[in-house]
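**Q** here is a sequence together with a model predicted from it:
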Amino acid sequence: MQTTRESILNILKEQGQATVDELSAELGLTTVTVRHHLDILRGDGLVADPVACRRKAPGRPKYVYTLADKASKLFPKGYAQLASLMLDEARSHLSADEVEQILRDIGERIADQAPSPGEGDFEDRLIAAVGFLDELGYMAHWEHDATGAYLLHIVNCPYEQVAREHHEVCAMDESMLTHLLGTPPRRISWAALGERECTYVIHPDSV
């Protein structure tokens with residue numbers, strides 16, 4: 001992202017809101033230039049539409065700009081560290097089987113949020129599952145292998161940083177996929193162990 005637009009986002013993050021004039025003064029840019037960058041950021045869904053703020057003195061209302069919810073992902077987050085600490089704490093109080101069962105239960109709860117796949121065949125169910133996974137950021141796709149089995153590839157694991165340290169997190173994905181597909185898939189490659197992606201194989205006769 002261009003440095004100017006990054007600066008605008010940082011100012012809005014720090015101050016909560018700002019007018020075009022305030023941004024212009026802080027950045028040392030013309031109001032026309034600032035409006036141009038704000039329009040781009042609004043088009044990207046990172047800045048919310050301006051809201052009129054009534055002036056105490058007579059005159060036109062001022063318009064203030066704030067960050068949109070989507071902009072939150074651009075700023076540093078400590079979710080991975082928090083998740084690791086919580087898992088460490090769970091390990092200190094529970095057995096390995098109990099921790100894994102909790103994660104499997106979470107996987108089922110996530111799968112319960114998916115739209116119903118309807119009454120189609122397994123391939124329809126797989127397509128629906130891939131669409132749901134993509135909404136969660138998994139970047140999934142599927143194909144047939146030489147034997148006619150289904151291969152489900154997951155290129156991006158949203159929990160990869162945590163999973164590399166806590167492999168039991170992957171039980172959550174296994175449970176979620178089993179719930180979505182109606183049959184347990186078998187993992188044949190594992191990103192948490194340093195491989196490029198997670199790949200699962202599903203044999204049609206097991207469905």
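**A** Thanks, I have it.

**Q** what sits up against the worst-scoring helix or strand of the chain on mean pLDDT?
**A** The weakest-scoring helix or strand in the chain, judged by mean pLDDT, DSSP states H and E, is strand 51-53 (a mean of 88). Defining contact as C-beta atoms under 8 Å, 6 or more residues apart in numbering, one finds that strand 51-53 is touched by 19, 61-64, 66. C-beta: built from backbone N, CA, C; applies to glycine.

**Q** one more time with 6 Å
**A** 61-64 (C-beta atoms under 6 Å, 6 or more residues apart in numbering).

**Q** among these, which one has the lowest pLDDT?
**A** Within the set of the contacts of strand 51-53, pLDDT is lowest for residue 61 (79).

**Q** contacts only, for it.
**A** Contacts of residue 61 (C-beta under 6 Å, 6+ apart): 52, 54.

**Q** near the nearest residue to residue 165 once chain neighbours are set aside, how many other residues are there?
**A** Closest residue to residue 165 apart from its sequence neighbours, by C-beta to C-beta, 6 or more residues apart in numbering: residue 84 at 5.8 Å. Residue 84 sits with 17 neighbouring residues when counted by other C-beta atoms under 10 Å.

**Q** please apply the same query to residue 159.
**A** Considering only other C-beta under 10 Å, residue 159 is surrounded by 18 other residues.

**Q** quickly find the element holding residue 33.
**A** helix 31-43 (DSSP states H and E).

**Q** now for that helix, which elements pack on it?
**A** On a contact count with 3 or more C-beta pairs under 6 Å, 6 or more residues apart in numbering; DSSP states H and E, helix 31-43 meets helix 3-15, helix 20-27.

**Q** could you check the angle the first one makes with helix 31-43?
**A** Going back to what we said before, that points to helix 3-15. 80 degrees (axes from the mean of the first three to the mean of the last three C-alpha atoms, to 10 degrees).

**Q** how far away is residue 42 from residue 68?
**A** 8 Å (C-beta to C-beta, to the nearest Å).

**Q** secondary structure class for residue 76?
**A** Three-state call for residue 76 (DSSP: H, G, I helix; E, B strand; the rest coil): coil.
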